[in-house]
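Novice: Would you be able to build a 3D model of this:
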Amino acid sequence: MPTPLEVRLIARNDYDQWRPLWDGYNAFYGRVADTALPEPITATTWERFFDPNEPVFALVAIAEGQIVGLTHYLFHRSTTKIEPVCYLQDLFTSQEHRRAGIGRALIEGVYEQARMAGAKRVYWQTHLTNMAGRALYDKVAKHLGFIVYTCEPV
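Specialist: Numbering: from 1, shown residues only. Down below sits the predicted model:
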């Protein structure tokens, strides 16, 4: 019988289990060692989850009493909708728990949070080479063909 999975909002006392997953997520995208996020970004991200004035939230997936996955999402305004839009920014499952439905459960958790907030659209982006992630995303959402551009003005 599979282990029951719980998806819930993050709690302050989750930090010690959240942090290794956060570091793993960042390493997946090459943010490790010399290119790691500065510690103040991680500290600020963590604090935003608990600040009622911030639109940034986190869910965690728990199996056998351990956090095995995370997702971070935020709500923002849009010029094409009256209601808020939900951006699923980060999604990560520990390596040893992959292919067990945790990613899907976390995405569905974000969908539920979006419904409760009145958002009618949830969207996210991933790297072109994230084939495992994209295989899941193709089952739970629709790719609209957009390409992301970015710039960090100095």
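
Novice: going forward, measure contacts between C-alpha atoms and count neighbours the same way
Specialist: OK.

Novice: Identify the residues contacting residue 77.
Specialist: Contact analysis of residue 77 by Cα atoms under 8 Å, 6 or more residues apart in numbering lists 83-85.

Novice: Most neighbours of all those, which one?
Specialist: residue 85 (21 neighbours; other Cα atoms under 10 Å).

Novice: Please report how far residue 89 lies from residue 75.
Specialist: Taking Cα to Cα, to the nearest Å as the measure, residue 89 falls 10 Å from residue 75.

Novice: Counting neighbours, go ahead and name the busier of the two.
Specialist: residue 75 (19 against 16).

Novice: so what's the more buried one closest to, chain neighbours aside?
Specialist: The shortest distance from residue 75 to any non-neighbouring residue, by Cα to Cα, 6 or more residues apart in numbering, is to residue 86 (4.5 Å).

Novice: residues in contact with the helix or strand encompassing that neighbour?
Specialist: Secondary structure assignment for residue 86, by DSSP states H and E: strand 85-93. With contact meaning Cα under 8 Å, 6+ apart, strand 85-93 is reached by 21-22, 24-25, 68-78, 102-103, 106, 110, 114, 119-125.

Novice: Inside helices: which ones of those?
Specialist: Of the positions in the contacts of strand 85-93, 21-22, 24-25, 102-103, 106, 110, 114 sit in helices, assigned by DSSP state H.

Novice: Just put those in JSON lines and tack on pLDDT, distance to residue 64 and neighbour count.
Specialist: Putting those into JSON lines (pLDDT from 0 to 100; distance: Cα to Cα, whole Å; neighbours: other Cα atoms under 10 Å) gives the following:
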{"residue": "21", "pLDDT": "98", "distance to residue 64": "16", "neighbour count": "21"}
{"residue": "22", "pLDDT": "98", "distance to residue 64": "19", "neighbour count": "21"}
{"residue": "24", "pLDDT": "95", "distance to residue 64": "20", "neighbour count": "18"}
{"residue": "25", "pLDDT": "94", "distance to residue 64": "21", "neighbour count": "20"}
{"residue": "102", "pLDDT": "96", "distance to residue 64": "13", "neighbour count": "24"}
{"residue": "103", "pLDDT": "96", "distance to residue 64": "16", "neighbour count": "23"}
{"residue": "106", "pLDDT": "98", "distance to residue 64": "16", "neighbour count": "25"}
{"residue": "110", "pLDDT": "98", "distance to residue 64": "22", "neighbour count": "24"}
{"residue": "114", "pLDDT": "98", "distance to residue 64": "27", "neighbour count": "22"}
